[in-house]
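**Student:** Provide a 3D model corresponding to the input given below.
(4 chains)
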Protein chains: 2
Amino acid sequence: MGEPRWLDEREARAWRGLMAMQVDLAEFLDRRLRTRCGLSGADYEVLAHLSEAPEGCARPFVLGRYLGWEKGRLSQHLGRMERRGLVTRDRCPTDQRGAVVAITPRGRDLIEAAAPRHVADVREAVVDHLTPTELEALAAIGETVRARLAALDERRAEP
Amino acid sequence: MGEPRWLDEREARAWRGLMAMQVDLAEFLDRRLRTRCGLSGADYEVLAHLSEAPEGCARPFVLGRYLGWEKGRLSQHLGRMERRGLVTRDRCPTDQRGAVVAITPRGRDLIEAAAPRHVADVREAVVDHLTPTELEALAAIGETVRARLAALDERRAEP
DNA sequence: GCGGACTGGTTGACGTGTGAACCAGGCACG
DNA sequence: CGTGCCTGGTTCACACGTCAACCAGTCCGC
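**Tutor:** Reported below is the predicted structural model:
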């Protein structure tokens, strides 16, 4: 474990910029969604996927795979959403151990009201203020970093 | 409230890239910190700042201003850290309503062990895999977005 | 001085995320 | 057929963040 290679000036600026943006952006989007639409970011993701699914329903484990959520988290969140009347949960007819979650009319109303506002927030905060070059760079950076993280996770899982 | 302007292909790619990276990255760094060093990201930030402060101590409201945390959050987190022996809290001698929080030897050991590993993680996941141009772009994007968010917050506070 | 506003901090209620234990129903292999 | 593993879900205990209420000490204007 040799000497640590600290970040130089350029690296530190980029890193701090990324971290600070990340925190502020998440907070901004979540607050807007919550106060203007009555939905958390998590609610939004669930409803967005459900509203695009055929019949407006899906198996939780499929939903979880898609969202990248652990099953415990999904189960708890669906429980809260069910209590608020955004989704329903029923036993799956073809697999007795499973469930089927479906969006309610109320859930659909909320997500349909929220979606355009959310896109507007995203534009207002980010997309409309970056150049095409910057957008391209962002996509590339995102892909690079996610590939790295995936590689690191695999390496952790294998040996 | 005209027609919503949905994201085009390029914009969506950049946006999804940013969001996915953000989530995966935060999870990766937090997990590494927690499993390898026994510290959460929040612990790390508090201890990092405290370890650089003169005498290793600071007033909570200064710490809060620096970290951008609400006071309730900071108070609760310091309580948990105090229970774990990472910091101490005492009444401030010069302002009877206030407190002074100080890093303990144990807290200092942990942060000094964690810091080089954390930097290594940051390099491994991000910094070492981006070009100088991309680092520059990241810094610029971060600044642009944070400026936008600050402007939006001000506008919300004023009228 | 002193009454009211402001400031530094704590607390409680609640929504949310993580990890592990647990429980059923399916499935495969002897 | 079992018996044992796998899988889909739930639940519990805990850490964490937000908001609002609250409390005590300080400061400011009269």
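**Student:** Excluding sequence neighbours, find me the nearest residue to A:R10.
**Tutor:** B:L135 (5.7 Å; C-beta to C-beta, 6 or more residues apart in numbering or on different chains). C-beta here means a position set from N, CA and C on the backbone, and glycine is covered the same way.
**Student:** need the residues of chain A near DNA strand C, please.
**Tutor:** A:40-43, A:69-70, A:72-73, A:76-77, A:80, A:95-97 (C-beta under 7 Å from any atom of the strand).
**Student:** ok now do A:M81, which residues does it touch?
**Tutor:** A:D43, A:V46, A:V87, A:G107 (C-beta atoms under 8 Å, 6 or more residues apart in numbering or on different chains).
**Student:** for A:R117, same thing?
**Tutor:** A:R32, A:L33, A:R36, A:C37.
**Student:** where does the nearest residue to A:V87 once chain neighbours are set aside fall, helix, sheet strand or coil?
**Tutor:** Nearest non-adjacent residue to A:V87, counting by C-beta to C-beta, 6+ apart: A:M81, 4.8 Å away. What DSSP: H, G, I helix; E, B strand; the rest coil gives for A:M81 is helix.
**Student:** Just the element for the residue most central in space within chain A, please.
**Tutor:** Centrality entry for chain A: nearest residue to the mean C-alpha point is A:E45, 5.7 Å, by C-alpha atoms, centre = their mean. Here A:E45 sits within helix A:41-52, counting by DSSP states H and E.
**Student:** pLDDT averaged over the following helix or strand past that helix, what's the number?
**Tutor:** Where DSSP H and E defines the elements, the next helix or strand beyond helix A:41-52 is strand A:57-58. For strand A:57-58, mean pLDDT rounds to 96.
**Student:** Surely A:T88 forms part of a strand?
**Tutor:** Yes. Counting by three-state DSSP, A:T88 is located in a strand.
**Student:** For beta bridges, what are the partners of the residue nearest to it when sequence neighbours are not counted?
**Tutor:** Of all residues not flanking A:T88 in the chain, A:A102 sits nearest, at 5.1 Å (C-beta to C-beta, 6+ apart). Bridge pairing for A:A102 (DSSP bridges) gives the partners A:C57, A:T88.
**Student:** Could you tell me how many residues sit around A:H118?
**Tutor:** Number of residues near A:H118 (other C-beta atoms under 10 Å in any protein chain shown) recorded here: 21.
**Student:** Sorry, wrong one. I was asking about A:R80.
**Tutor:** Using other C-beta under 10 Å, the number of residues around A:R80 comes to 13.
**Student:** Pull up the gap between it and A:L39, please.
**Tutor:** For A:R80, the distance to A:L39 equals 12 Å [C-beta to C-beta, to the nearest Å].
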